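Colleague: Everything below, folded, please.
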Amino acid sequence: MAKAGKVPLDRAAKFLYIDERQDDQPSDGRCSVSIYLLDDSLKVDIYFDPDDTSFEDDICVCFTESCDEEEKIFKVDESHIYITPQQARQLAEALLKAADRSDYSDTNH
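Modeller: Residues are numbered from 1 along each chain as shown. Okay, here's the model as predicted:
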């Protein structure tokens, strides 16, 4: 079930929601989106990092886990992956294609 301030995503609402609250935006110029997965135990923050503009990979994908050690996917509580704008677009395109195929398969059952 979606929490207050969260937007559920179709049938996956039990496992994923996106935090779209504007008051959560960092004051340092970052544009941040938070996605919660796996019953809220995995938070994925995606943001442009203005402090890293001298590097090509200035988009951060941050994974934060808040679950018991035996349930963790990562070895540490928080992991960061920096990607380039091109890689971010490729990732977004791949996710959209997979979502489209999933939607299409749902209508053909």
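
Colleague: When you work out contacts or count neighbours from here on, use the C-alpha atoms and nothing else.
Modeller: Noted.

Colleague: Quick check: mean pLDDT of the one helix or strand Ala92 maps to?
Modeller: Here Ala92, judged by DSSP states H and E, is contained in helix 85-107. Per-region confidence: helix 85-107 scores 90 on mean pLDDT.

Colleague: Report the buried residues of that helix.
Modeller: Ala88 (16 or more other Cα atoms under 10 Å).

Colleague: Please apply the same query to stretch 67-82.
Modeller: Buried, per 16+ other Cα under 10 Å, within stretch 67-82: Tyr82.

Colleague: Output it as CSV - backbone C-alpha positions only.
Modeller: C-alpha atoms of stretch 67-82 as CSV (Å, rounded to 0.1, in the frame of the first residue of the first chain):
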residue,chain,number,x,y,z
CYS,A,67,16.7,-4.3,6.5
ASP,A,68,18.2,-7.1,8.6
GLU,A,69,21.7,-8.1,7.6
GLU,A,70,20.6,-11.6,6.3
GLU,A,71,18.1,-9.9,3.9
LYS,A,72,20.6,-7.4,2.4
ILE,A,73,21.5,-7.4,-1.2
PHE,A,74,24.6,-5.1,-0.8
LYS,A,75,27.4,-5.6,1.7
VAL,A,76,27.1,-2.0,3.1
ASP,A,77,24.1,0.1,4.1
GLU,A,78,24.7,2.6,1.3
SER,A,79,26.3,2.1,-2.2
HIS,A,80,26.8,4.8,-4.9
ILE,A,81,27.2,4.2,-8.6
TYR,A,82,28.0,7.2,-10.8
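
Colleague: per-residue confidence at Ser41?
Modeller: pLDDT, Ser41: 90.

Colleague: contacting residues around it?
Modeller: 65-67 (Cα atoms under 8 Å, 6 or more residues apart in numbering).

Colleague: can you do 10 Å?
Modeller: Residues counted as contacts of Ser41 (Cα atoms under 10 Å, 6 or more residues apart in numbering) are 15, 64-68, 71-72.

Colleague: Can you flag which of those belong to strands?
Modeller: Counting by DSSP state E, the part of these found in strands is 64-65.

Colleague: Would you format the contacts of Ser41 as TSV with distance to Arg101 and pLDDT included?
Modeller: What follows is the contacts of Ser41, written out as TSV (distance: Cα to Cα, whole Å; pLDDT from 0 to 100):
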residue	distance to Arg101	pLDDT
Phe15	19	42
Thr64	28	94
Glu65	29	92
Ser66	31	91
Cys67	31	87
Asp68	34	87
Glu71	29	87
Lys72	29	88
